[in-house]
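Visitor: after the sequence you'll find the predicted model.
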Amino acid sequence: MTATIERPKALAESVVPLPAEPPHERAWFGLLAGFLGSVAFLLLIPPGWARLDHLWAEDGARFAVDAIRFPALGNLVEPYGGYLHTLPRIVAQVVALLPIEWTAAGFAIAAAVLRALVALITFAASKAYLRSAPMRFALASLVVVLPAGNSETLNNMANLHWFLLYGVFWALLWRNAPRVPVALFVFLAAVSSPLVFVLAPIALLRLFLSRREVPIAFLAGLVVQGLVVVFATRTPYSHDEVDPVQVLLASLLRVPVVAFTGSERVSDFYPANGNLVILAALLVAAVPIVAGLRFGDRAGRTLALAAVAYSVIVIVACLVLNWTQALQVQAPEVVMAGQRYSIAPCLFLFTAIFVGLDATPSKTWARAVVGGSRYLVGMAVVVSVFTHLQEPKAVLKGVPWDESLARARAACAGGAPEARLEHEPKDWFFVVPCGSVGR
């Protein structure tokens, strides 16, 4: 019996290593500075600034309206789209306590804070796998400056679960994490994301190691989410037949290509350059990943393989389960429809890449090749920052929240019994009693 338990424990010890030393006081100050800098970046770049006065999709038409109209406890356990959204609904309940003028800003700030928290977890947890602090910093930075999905996922709670999935991945691998806050994080993420089930193997492996609070909390949330998914009703986006060739091409464009070009720039290269852009992106990604499998230790190799597997599983699952004609590669702007599907797969892909960049020995012919890949990845990070600063497509230009609120108040003053509040994207709105918007 003892031998039966010791084998999986030894396996868990080898693939989920403990960092050499816990963070010291200076490190915590550095983490705090990085966290605050990340939040400031997300809120102060032009697209982020626009989010402070523009409410996005389900943040308004589902979470905000439910928080205004219905009791809080009922909202927290109410599924939408076939699964729970507990964390966005908690944020909505808090925002509903604020003056209604602050609604858009409240959602944007909360989403930016939670995304920065995922970056913080990534930096801290990756210490057990990446020797280089600059590498860990760059990987964590990509959570904030990732060039994918800027138009859909920036600073809104409706799409935060794509980042939460990646955050839980690292939280489960972080063996010396602060127990209570990280356990709370993984539980709330599990009851807010429909894709967390793919991380169950990591949680089960962690049960053989000390500090079981985090995997137990995650598995508890997983059970709750699973029961809801089984019994809740989900309306499919469409009934279009899935085309395997289109799914393959779309997956390649939405992950390796988007990872290095950004969602908005894919149409600059494809279809003009055909499949050459796909082959180039695959080559740039494959070189460091292969190096990681060649030179990494057991933990590093396992992490690289798991990250690649999750990248493939998530993008294919998202495309197959949500397939519509708009996702075909010949669609206008190629990958702009459903660009949110690229978020987690790109972050997993970069994880595997960084394992290779960190693991390659200094004295080897492969260092030159991997060094070139390192420069390309570094350029991708820098370009991502400038993309966030200069990309006009990511700046919301629809009805500002204060203007929508003014229109609703004018309608109520004219005798309307309810207020119609318009918000982004175009043609989205929700209706609340006039008493909720003031007069």
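Guide: Thanks, I have the structure now. Residues are numbered from 1 along each chain as shown.
Visitor: contacts, neighbours, all on C-alpha from now
Guide: Will do.
Visitor: can you give me the neighbour number for residue 434?
Guide: Around residue 434 there are 19 other residues, counting by other CA atoms under 10 Å.
Visitor: correct me, but it touches residue 410?
Guide: No. Taking CA atoms under 8 Å as the definition, residue 434 is not a contact partner of residue 410, at 10.2 Å.
Visitor: CA atoms of the helix or strand where residue 125 lies as CSV?
Guide: Per DSSP states H and E, residue 125 falls inside helix 103-125. Only the C-alpha atoms of helix 103-125 are listed here, as CSV (Å, rounded to 0.1, in the frame of the first residue of the first chain):
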residue,chain,number,x,y,z
THR,A,103,-20.7,51.1,-13.7
ALA,A,104,-18.4,51.0,-16.8
ALA,A,105,-15.3,52.1,-14.8
GLY,A,106,-16.1,49.6,-12.1
PHE,A,107,-16.1,46.6,-14.4
ALA,A,108,-13.0,47.8,-16.3
ILE,A,109,-11.0,48.3,-13.1
ALA,A,110,-12.0,45.0,-11.6
ALA,A,111,-11.1,43.1,-14.8
ALA,A,112,-7.7,44.9,-15.0
VAL,A,113,-6.9,44.1,-11.4
LEU,A,114,-7.8,40.4,-11.8
ARG,A,115,-5.8,40.1,-15.1
ALA,A,116,-2.8,41.7,-13.3
LEU,A,117,-3.3,39.2,-10.5
VAL,A,118,-3.0,36.3,-13.1
ALA,A,119,0.3,37.9,-14.3
LEU,A,120,1.5,38.0,-10.7
ILE,A,121,0.7,34.4,-10.1
THR,A,122,2.5,33.5,-13.4
PHE,A,123,5.7,35.2,-12.3
ALA,A,124,5.7,33.7,-8.8
ALA,A,125,4.8,30.2,-9.8
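Visitor: buried sites along the helix or strand just after it?
Guide: Sequence-wise, the next helix or strand downstream of helix 103-125 (DSSP H and E) is helix 133-145. Buried residues in helix 133-145, defined by neighbour count with 16 or more other CA atoms under 10 Å: 135, 136, 137, 138, 139, 140, 141, 142, 143, 144, 145.
Visitor: next SSE after helix 133-145?
Guide: Sequence order places helix 150-153 as the next helix or strand after helix 133-145, per DSSP H and E.
Visitor: and the helix or strand just after that next one, how far out from the chain middle?
Guide: Elements were assigned by DSSP H and E; along the chain past helix 150-153, the next helix or strand is helix 161-173. Remark: helix 161-173 is offset 8 Å from the chain centroid, using CA atoms, centre = their mean, to the nearest Å.
Visitor: other SSEs contacting the next helix or strand after helix 161-173?
Guide: Using DSSP H and E, the next helix or strand after helix 161-173 towards the C-terminus is helix 179-190. Where contact means 3 or more CA pairs under 8 Å, 6 or more residues apart in numbering; DSSP states H and E, helix 179-190 is packed against helix 86-96, helix 161-173, helix 213-231.
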